[in-house]
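Here you go, sequence then predicted model.
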Amino acid sequence: MKEGVIRVPPNSISGKALLCFAMSLLLMVGPASAENPQDAPAGFVLVEAGSFTMGSAPGEPGRERDEIQHKVTISRDFYIAKFEVTQAEYTDLTGRNPSNFSGPNLPVHNVNWFEAIEYCNLLSEREGLAPCYAYKDGQIFFDPSANGYRLPTEAEWEYAARGGDRNRGYAFSGSDSIDAVGWYAENSELSPQAVGEKLPNELGIYDMTGNISEWCWDWYAEYPTQDISDPAGPYTGVVRTERGGGWYSGAIYCRNANRNASPPLTRSAGLGFRLVRNIPAGDQEMGRVADSTLRRRTSEE
């Protein structure tokens with residue numbers, strides 16, 4: 001046995017035996033848990049590491065000057081929530097609902113950037129996870145090694161919106177037709193809608209196009225022109241990035257590449273957030289061994 005790989009003669013496993021083999025391999029790797037990348041926490045999907053072209057091509061309808069194309073590498077897998085944080089979830093944790101449009105399954109809105117950060121830490125603490133954010137001398141510091149909840153970086157957001165390593169090159173998250181995947185000014189009746197009502201993207205994530213614009217971690221800045229790995233924005237700034245457009249937006253402002261930003265104290269009926277979680281490095285490697293082995297065994301059949 002080498003690197004967790006079980007050697008078996010090709011063409012010797014029936015369909016039922018292959019299932020048994022897969023189960024035994026999972027037992028070798030360890031019991032299923034929220035930290036196993038192949039078993040994402042409830043309500044989350046795995047986004048595997050990879051590289052993509054961030055920004056928009058010249059000539060893309062609605063393209064803005066700040067959408068300069070450049071290659072970005074996301075070097076670590078992460079989990080991202082299938083849905084935007086709902087009012088029911090926000091109220092359950094904080095005891096309040098700041099939203100203008102009320103409904104338990106509507107995305108929470110009227111939440112500023114600091115309140116989104118606070119929610120991430122509160123949820124981490126409630127679940128016994130290490131908070132990602134620390135307050136010191138009036139500033140917020142991000143611990144990239146913590147396993148708690150956090151906001152996505154702008155690059156992580158766009159990578160996930162484009163479908164990660166399953167990217168099919170759509171203009172919107174999951175389709176070239178915004179009506180199929182998002183709520184925007186022409187179909188929303190000018191209000192946010194319940195999460196998960198439109199089609200998901202390639203990874204199974206909903207509403208990244210439209211419905212509610214989503215806070216990201218980064219201070220807004222011009223893109224670099226060179227290749228870059230794991231960008232997280234500048235150290236200081238004036239406005240924080242938000243992505244995805246919303247129920248109030250024209251279609252071109254809901255494109256995967258479109259950028260927006262607001263002062264961090266901004267509260268808006270069109271602005272909410274979505275959660276991300278890190279995967280510890282050791283668990284990532286363990287998950288890759290299991291995944292690559294199962295794929296190799298399946299391909300031999």
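Ah, there it is. Numbers count the residues shown, from 1 in each chain.

can we go C-alpha only for contacts and neighbour counts from here?
Noted.

Touching, I74 and D230? I think so.
Yes: using Cα atoms under 8 Å, I74 is in contact with D230, at 5.2 Å.

Neighbour count: those two, which is higher?
A direct count of neighbours by other Cα atoms under 10 Å for I74 and D230 places I74 higher, at 20 against 15.

hey, what's the more buried one bridged with?
G50 (DSSP bridges).

between I74 and D230, what contacts are shared?
Common contact partners of I74 and D230 (Cα atoms under 8 Å, 6 or more residues apart in numbering): A155.

For S102, grab the count of nearby residues.
S102 has 15 neighbouring residues, counting by other Cα under 10 Å.

Excluding sequence neighbours, find me the nearest residue to it.
Using Cα to Cα, 6 or more residues apart in numbering and skipping the chain neighbours, the partner closest in space to S102 is Q87 (7.7 Å).

In contact with that neighbour, which residues?
By Cα under 8 Å, 6+ apart, the neighbours of Q87 are 97, 99, 102-108.

Please apply the same query to A81.
A81 neighbours (Cα under 8 Å, 6+ apart): 43-45, 205, 274-276.

so which of those comes closest to G169?
Using Cα to Cα, I205 comes nearest to G169 of the contacts of A81, at 15.6 Å.

Can you pull the phi/psi pair for the closest one?
phi -100, psi 140 (degrees, to the nearest 10).

What of Y253?
Torsion angles, degrees, to the nearest 10, at Y253: phi -90, psi 0.

Just to check, it is in contact with R63?
No: with contacts counted by Cα under 8 Å, Y253 stays clear of R63, the gap being 9.1 Å.

quick one, which of the two is more surrounded?
The neighbour comparison of Y253 against R63 (other Cα under 10 Å) goes to Y253, with 23 against 19.

and the gap between the more buried one and V85?
21 Å (Cα to Cα, to the nearest Å).

which residues touch S249?
Counted by Cα under 8 Å, 6+ apart, S249 has contacts 184-185, 210.

What is the nearest of the residues you listed to I80?
G210 (17.0 Å).

What is the burial count for that closest one?
Counted with other Cα under 10 Å, G210 comes out at 33.

pretty sure it contacts I252?
No: assessed by Cα under 8 Å, G210 is found out of contact with I252, at 10.4 Å.

quick one: the strands in the stretch 51-200 of the chain?
Listed in chain order, the strands of the stretch 51-200 of the chain (DSSP state E, counting those that start in this stretch) span residues 70-74, 78-81, 133-136, 139-142, 149-150.

So which residues make contact with the last one?
Counting by Cα under 8 Å, 6+ apart, strand 149-150 makes contact with 117, 120-121, 123-124, 131-133, 275-278, all of which sit outside it.

Restricted to helices, list the residues you listed.
117, 120-121, 123-124 (DSSP state H).

Distance check, the residue lying closest to T236 once chain neighbours are set aside against T209.
The shortest distance from T236 to any non-neighbouring residue, by Cα to Cα, 6+ apart, is to W219 (6.5 Å). To T209, W219 is 21 Å away according to Cα to Cα.

who's more crowded, those two?
T209 (34 against 22).

Check whether the more buried one really touches A171, as I assumed.
No: the pair T209 / A171 is not scored as a contact, 9.7 Å apart, by Cα under 8 Å.

anything in contact with each of those two?
255-256.

Relative to R274, how far out is F44?
On the measure of Cα to Cα, F44 and R274 end up 10 Å apart.

Can you pull the residues that touch both of the two?
Contacts common to F44 and R274, judged by Cα under 8 Å, 6+ apart, are 80-81.
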